[in-house]
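K.L.:
sequence unknown, structure follows:
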């Protein structure tokens, strides 16, 4: 039975009137596409073109989510009926000296790199050098951006490195995103195209993408109750920022 909000009624998992719900939903859809594309046997079953399109669609979901997150954090759009929490969040996130502000900007830049990488990967006539310059390089930059954004987001979690507290949603989401970013980074390193057209380590490239996608998917799903918890306990938001 879905968990409900005792004050407003309805499920906390289904709130399409909230901008932050769409952020989580788009991240979840993008992650699902990357997991599907990296699932063993999918490329053989669906074909390389469909596999490549799946990654590209996933990158568009990532970009949509990241852009919405930037708009919400800068106050360009509201979060729906959560006016008090939205005002507090925007007042903090507008400031460039805050790590969470930079995390959103850097993550958005990373998603744009993934857009370029996954789109150009649909071209099958690229030489090894062209593939490295047009596909691998933006993929590597995007992975670095995700890693930096995860580290910046981790910085606002209280004592993130020295404790193990999986019941803390802040810590859990930040940890999942960090592990996912590390996995994406490993995948990018392994996906470097050699002169003979093969990848440096095709198995690691694929498994890294799959693991990263799973971590981002779980993190996106947990963003929904996390945001709900922050609404009920505004003090937690202050602790994060």
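P.N.:
That came in fine, so what should we check first? A quick note: this is a predicted structure, and the numbers were derived from the prediction, not measured.
K.L.:
so who does residue 147 touch?
P.N.:
181-182, 184-185 (C-beta atoms under 8 Å, 6 or more residues apart in numbering). Yep, even glycine has a C-beta here, placed from its N, CA and C like the rest.
K.L.:
Tell me which two in the residues you listed are the farthest apart.
P.N.:
The most widely separated members of the contacts of residue 147, counting by C-beta to C-beta, are 182 and 184 (7.4 Å).
K.L.:
Same drill for the two, tell me which one is more crowded.
P.N.:
residue 184 (28 against 18; other C-beta atoms under 10 Å).
K.L.:
Check which helices and strands the helix or strand hosting the more buried one sits against.
P.N.:
Residue 184 is located in helix 169-190, with elements delineated by DSSP states H and E. Packing partners of helix 169-190 (3 or more C-beta pairs under 8 Å, 6 or more residues apart in numbering; DSSP states H and E): helix 137-155, helix 202-232, helix 234-240.
K.L.:
Including pLDDT and distance to residue 49, could the contacts of residue 147 go into CSV?
P.N.:
Below are the contacts of residue 147 laid out as CSV (pLDDT from 0 to 100; distance: C-beta to C-beta, whole Å):
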residue, pLDDT, distance to residue 49
181, 97, 28
182, 97, 30
184, 97, 23
185, 97, 27
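K.L.:
Let me know how buried residue 170 is, in neighbour terms.
P.N.:
Residue 170 has 22 nearby residues by other C-beta under 10 Å.
K.L.:
right, and the secondary structure at the nearest residue to it once chain neighbours are set aside would be what?
P.N.:
Excluding the flanking residues, the one nearest residue 170 by C-beta to C-beta, 6 or more residues apart in numbering is residue 157, at 5.2 Å. Local secondary structure at residue 157 is given as coil here, using DSSP: H, G, I helix; E, B strand; the rest coil.
K.L.:
any common contacting residues for residue 182 and residue 184?
P.N.:
Joint contacts of residue 182 and residue 184 (C-beta under 8 Å, 6+ apart) are 147, 212.
K.L.:
dump the residue contacts of the nearest residue in space to residue 191 that is not next to it in sequence.
P.N.:
Using C-beta to C-beta, 6+ apart and skipping residues adjacent in sequence, the residue nearest residue 191 is residue 205, 4.0 Å away. By C-beta under 8 Å, 6+ apart, residue 205 lies in contact with 187-188, 190-191, 199.
K.L.:
and what of residue 36?
P.N.:
Residue 36 touches 42, 54, counting by C-beta under 8 Å, 6+ apart.
K.L.:
Just the pLDDT at it, thanks.
P.N.:
What the model reports for residue 36 is a pLDDT of 98.
K.L.:
Which helix or strand contains it?
P.N.:
Using DSSP H and E, residue 36 falls in helix 19-38.
K.L.:
tell me the angle of that helix relative to helix 169-190?
P.N.:
Orientation of helix 19-38 against helix 169-190 (axes from the mean of the first three to the mean of the last three C-alpha atoms, to 10 degrees) gives an angle of 40 degrees.
K.L.:
Residue 217: what's it in contact with?
P.N.:
Contacts of residue 217 by C-beta under 8 Å, 6+ apart are 28, 31-32, 35.
K.L.:
Let me have those in JSON lines, extended by neighbour count.
P.N.:
Below are those laid out as JSON lines (neighbours: other C-beta atoms under 10 Å):
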{"residue": "28", "neighbour count": "20"}
{"residue": "31", "neighbour count": "25"}
{"residue": "32", "neighbour count": "19"}
{"residue": "35", "neighbour count": "21"}
